[in-house]
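Asker: Whatever this is, show me its structure:
(chains A and B)
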Amino acid sequence: MTVASITTDIRFGPFIVPSNAQNMIMNSFAQRLGKKIEVVVPEPILSDELLTSLWLHNEFNFKTVFLCSIHQLPQSEDSLENICNSMSNTEFCFAIEGEIGSGADYLKRCAHEAKIFSTVQKIDDKGLNWLNFYELSKYHPTD
Amino acid sequence: MDRTGVLSQRLAHEKGYEVIKPSDLSAIQSLRSKLVELAKSSSIDDLRHELTKLSNAEINEIMISLLQFTHASGLLANAFRDTIRSLCGNEIFLQRRANIIMNLPGDKQRHQWPHYEFMSGISPYTYTIWLPLHDLLDQSGIFYLTDYESLAHLKKEMDLGVANGPQMFEAVGNPKATKLCFGDAVIFNPFVIHGNTPFESGNARLAISFRFQSATAPLYQKNSDFLKTWTLEGD
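Answerer: Coordinates of the predicted model:
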């Protein structure tokens, strides 16, 4: 029963986080929770399936895994289902969001929330100044 | 959602801030009790007094331990659900971790310097609710400039090419804190300049604040790091 952290591609969701910074973030959260990371799993870039973690889970039987964010969960339903089935008893801790839990419902809820954040409209600030933002605040975009 | 309502108009086009009451005061009382329990104190007044004996580093440790109180913002959102619903509808983005604020009396203690919320990268469609965890009938509370006054400072800083520079500190002059009873809260728009000044008292000032926006409004720099999805209770 092992505690692991998982580093991924530096780009996930809206964030760009270098691998060493991912480790700092996860270690800081683990420390706050009184846990010590024993294994660092390096997932390959350009993939969000967490296959390396699944493969190592068979060997180490992870009790707890740390990820930086809910945005690092697989986006495809099949890949997420795979994680839910294979790591149903593993506790998942998402450092940036401060979320802790386990089981398929929890993981699917986190993935669903990540999807909402990924699809919601964002303000493009190219060419905008403070006063433009002030003016934006005066009218809701759907008014 | 009634965005043409009185509160919406006042926040966007008039003063920029308003004193409001919660829909459910008992929820605020429960939240305060939980906070006192997590801080290992026996009452809010004891906690306020105990905090004055601690260093800023020790207070910071308490603040870190309170990060586990992750459901505080949900309790607060439901306590102010009627106000929030009137501005944003039922589906909102809600600050994941409410800010618990501890200010100590005395000249050299940290306090909230004048600022406006948009500086942090929240969406311009965000509202903030701030409430003290006890009566605030002296000058230890928060002061607010009106939206009109705040805009003048924003324009002045833009002309100078600075953001939150020394002019902001000088701009505030001799502000008067808004007096509030426990249960009262202030809601304000993200461009209203606010802060607090050093105060003299035998007790620390404790407050809590949280931010929210409609789920249909665009985000800016804050994402899942700061916000979570939330559905308000009831109709």
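Asker: Once you drop chain neighbours, what's closest to the residue most central in space within chain A?
Answerer: Closest to where the C-alpha atoms of chain A average out (CA atoms, centre = their mean) is residue A:69, at 2.3 Å. Closest residue to residue A:69 apart from its sequence neighbours, by CB to CB, 6 or more residues apart in numbering or on different chains: residue A:96 at 4.5 Å. C-beta here means a position set from N, CA and C on the backbone, and glycine is covered the same way.
Asker: State the three-state secondary structure for that neighbour.
Answerer: What DSSP: H, G, I helix; E, B strand; the rest coil gives for residue A:96 is coil.
Asker: can you check residue B:18 too?
Answerer: From three-state DSSP, the assignment for residue B:18 is strand.
Asker: what's the pLDDT at it?
Answerer: In the prediction, the pLDDT value recorded for residue B:18 is 96.
Asker: And residue A:81, how close does it get to residue B:114?
Answerer: Here residue A:81 is placed at a distance of 51 Å from residue B:114 (CB to CB, to the nearest Å).
Asker: ok, these two, which is more surrounded?
Answerer: residue B:114 (21 against 14; other CB atoms under 10 Å in any protein chain shown).
Asker: Just the pLDDT at that one, thanks.
Answerer: pLDDT, read off for residue B:114, is 86.
Asker: That one - nearest residue in space that isn't next to it in sequence?
Answerer: residue B:195 is the one closest to residue B:114 (CB to CB, 6+ apart), at 4.0 Å.
Asker: Phi, psi for that neighbour please.
Answerer: Backbone geometry at residue B:195, expressed as degrees, to the nearest 10, gives phi 170, psi -170.
Asker: ok, back up a step: just checking, the residue nearest to the centre of chain A touches residue B:224?
Answerer: Yes: using CB atoms under 8 Å, residue A:69 is in contact with residue B:224, at 6.6 Å.
Asker: any shared contact partners between those two?
Answerer: A:13, A:96, A:97, A:114 (CB atoms under 8 Å, 6 or more residues apart in numbering or on different chains).
Asker: Tell me how far the helix or strand containing residue A:26 lies from the chain's centre.
Answerer: Using DSSP states H and E, residue A:26 falls within helix A:19-32. Chain-centre distance of helix A:19-32: 13 Å, with CA atoms, centre = their mean, to the nearest Å.
Asker: Check stretch B:120-130 too.
Answerer: Relative to the chain's own centre, stretch B:120-130 is displaced by 10 Å; criterion: CA atoms, centre = their mean.
Asker: For it, which residues meet the burial criterion?
Answerer: For stretch B:120-130, the neighbour count (16 or more other CB atoms under 10 Å in any protein chain shown) marks B:122, B:123, B:124, B:125, B:126, B:127, B:128, B:129, B:130 as buried.
Asker: Same list, the residues you listed, but only the ones touching chain A.
Answerer: The residues of the buried residues of stretch B:120-130 that also fall near chain A, by CB under 8 Å from any CB of the partner chain, are B:123, B:124, B:125.
Asker: Spit out the contact partners of the first one.
Answerer: This means residue B:123. A:123, B:190, B:213, B:217, B:218, B:219, B:220, B:222.
Asker: Among the residues you listed, which one is most surrounded by other residues?
Answerer: Among the contacts of residue B:123, residue B:213 has the most neighbours (other CB under 10 Å), with 26 neighbours.
Asker: residues in contact with that one?
Answerer: The neighbourhood of residue B:213, defined by CB under 8 Å, 6+ apart, consists of B:88, B:92, B:93, B:122, B:123, B:125, B:126, B:127, B:219, B:227.
Asker: Next SSE downstream of the helix or strand harbouring it?
Answerer: Using DSSP H and E, the element containing residue B:213 is strand B:205-214. Using DSSP H and E, the helix or strand that directly follows strand B:205-214 along the chain is strand B:227-231.
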